[in-house]
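Trainee: Quick one, what's the 3D model for this:
(chains A, B, C and D)
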Protein chains: 2
Amino acid sequence: MSSPPVRPALRERYDRRQQEVVDQAARVFAQRGYHATSIDDLIEATGLTRGGLYHYIGSKQDLLFRIHEELLEPLLERAREILSADADPETHLRALVREWVAHVERHRDHMLVFDQERRTVEEEPRWAEVRRARKDFEDLLAGVLDRGRREGIFAMADPQLTLLALLGMVNYLPQWYTPRGRLDADGIAAGYCDALLDGIRVR
Amino acid sequence: MSSPPVRPALRERYDRRQQEVVDQAARVFAQRGYHATSIDDLIEATGLTRGGLYHYIGSKQDLLFRIHEELLEPLLERAREILSADADPETHLRALVREWVAHVERHRDHMLVFDQERRTVEEEPRWAEVRRARKDFEDLLAGVLDRGRREGIFAMADPQLTLLALLGMVNYLPQWYTPRGRLDADGIAAGYCDALLDGIRVR
DNA sequence: GAACTTAGACCGTTCGTTCGGTATAAGTTA
DNA sequence: TAACTTATACCGAACGAACGGTCTAAGTTC
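Mentor: Have a look, this model is predicted:
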């Protein structure tokens, strides 16, 4: 990767094209998988040549890193905003899940890559930042559940298991969600929250 | 891959070693990912040489196929057994989830590969059988939920979404389950079912 | 000695990456 | 504003390494 241009007039275009490369890469990685995607596949997807591509990226792995970065930071920020507002745990939970599902909807490709490469991310030290962001988000969710429990709004035999169930539900979303589906993000989020809060048993 | 030996005494050893190769492969694939695992990695894991390895397998992809096959067929069979017994929907559901979670526990590596290579499996026609088995299992679950709804035991605004929530919960399991954890398979299955059936809201 | 297993050198291919080059646009100077 | 300089954009051939897979011959077991 050549260093970004110094001339202001070019800097904007460079950033825009780099962004485009990352997004296209996310699309192809999501479809084919990161390792199964070759540089030639990326060439085809971006319309650049080998040399042109490497003008905008440092390496293939660098691309994977950017995808994760773009994905987690904004979500984490939004989650913190939501929790900083005064509200009861149920409201917080619903808002959090709604934002999260909407994020999945908007960045489905990124999310698929995120899921697929979970193990890659878990190994090397370079990914510590990404792991941390993921952990932080999960802690925020855990916090809401715990507050609900302390306030007597929620009750669960095993709060940790409940959190894992919720994580599973939403992390599975990118596998089946399609923009042309019957439900939109809000509908899915509401449905998930209803299921989690009230269950399905008739009383 | 050479054809299996004809003599019964050798056939057994051959099958046993082939099984061992598949299991070791599952372990390495689960850890590193299928594409990121090289033949040399498999050599190291199995203790065989290149020639020895290819004596027992047709190709790397063949290995992936066997892993899927081993995983889904027995689960599907057990699920059908469970459902063939007379019982109310809740009992069926709980038994199904218990068996499923136990299966994840026993074949965690296989399951991780299964999750990781979901996209590979979705594309090529060769994998139709695997896709079909997965679909069949999901249909069995859907059937139980639907029967519960028709009998007035369960109620959910969106049965399909409920199924997807359940699938997400359990499919996420291999990501965090460890045999040395606080909960065993039965505990996890029960916890999941409790959450799904009754929710967490205090009434 | 026939059936089976293993060894490891070797094959062609594809991989991610580099690099020297050229065309052009931006910025500078006169 | 014309001439000049330089930063940048992009290209594509070439690279060494690593890939999955094959092959033949030697070894082992029945």
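
Trainee: What sits closest to A:Arg131 if chain neighbours are left out?
Mentor: Spatial nearest neighbour of A:Arg131, chain neighbours left out: A:Val121 (6.3 Å); criterion: CB to CB, 6 or more residues apart in numbering or on different chains. All C-beta spots, glycine's among them, are computed from the backbone N, C-alpha and C.

Trainee: Let's see the pLDDT reported for the one you found.
Mentor: Looking at A:Val121, its pLDDT is 87.

Trainee: Tell me how many other residues crowd A:Ala95.
Mentor: Neighbourhood size, A:Ala95 [other CB atoms under 10 Å in any protein chain shown]: 20.

Trainee: got it, and A:Leu166?
Mentor: A total of 28 residues lie near A:Leu166 under the criterion other CB under 10 Å.

Trainee: Could you list the residues in contact with the least confident helix or strand in chain A by mean pLDDT?
Mentor: Ranked by mean pLDDT, DSSP states H and E, the helix or strand of chain A with the weakest confidence is helix A:118-123, at a mean of 84. With contacts defined as CB atoms under 8 Å, 6 or more residues apart in numbering or on different chains, helix A:118-123 is touched by A:34, A:64, A:68, A:127, A:130-131, B:30-33, B:36, B:112, B:116, B:175.

Trainee: taking these one by one, which sit in helices?
Mentor: Among the contacts of helix A:118-123, the ones falling in helices (DSSP state H) are A:Leu64, A:His68, A:Val130, A:Arg131, B:Ala30, B:Gln31, B:Arg32, B:Leu112, B:Gln116, B:Gln175.

Trainee: I'd like the contacts of helix A:118-123 laid out as CSV, including neighbour count, pLDDT and distance to B:Pro4.
Mentor: Shown next, in CSV, are the contacts of helix A:118-123 (neighbours: other CB atoms under 10 Å in any protein chain shown; pLDDT from 0 to 100; distance: CB to CB, whole Å):
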residue, neighbour count, pLDDT, distance to B:Pro4
A:Tyr34, 22, 95, 36
A:Leu64, 24, 96, 41
A:His68, 22, 95, 45
A:Trp127, 18, 91, 43
A:Val130, 22, 92, 45
A:Arg131, 16, 94, 45
B:Ala30, 23, 95, 26
B:Gln31, 17, 92, 29
B:Arg32, 18, 92, 28
B:Gly33, 22, 93, 29
B:Ala36, 18, 93, 30
B:Leu112, 22, 94, 28
B:Gln116, 23, 90, 29
B:Gln175, 18, 93, 36
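
Trainee: And chain A, what are its domain boundaries?
Mentor: According to automatic domain parsing, chain A comprises the domains A:1-58, A:63-198.

Trainee: Deepest in the core, which of those domains is it.
Mentor: Mean neighbours per residue, mean count of other CB atoms under 10 Å in any protein chain shown, is largest over the domains of chain A for domain A:63-198, with a mean of 18.

Trainee: measure that one end to end?
Mentor: Length of domain A:63-198, first residue to last, CA to CA, to the nearest Å: 42 Å.

Trainee: residues in chain A within reach of DNA strand D, list them.
Mentor: Neighbours of DNA strand D within chain A, by CB under 7 Å from any atom of the strand: A:2-7, A:10, A:13-14, A:17, A:48-52, A:54-56.
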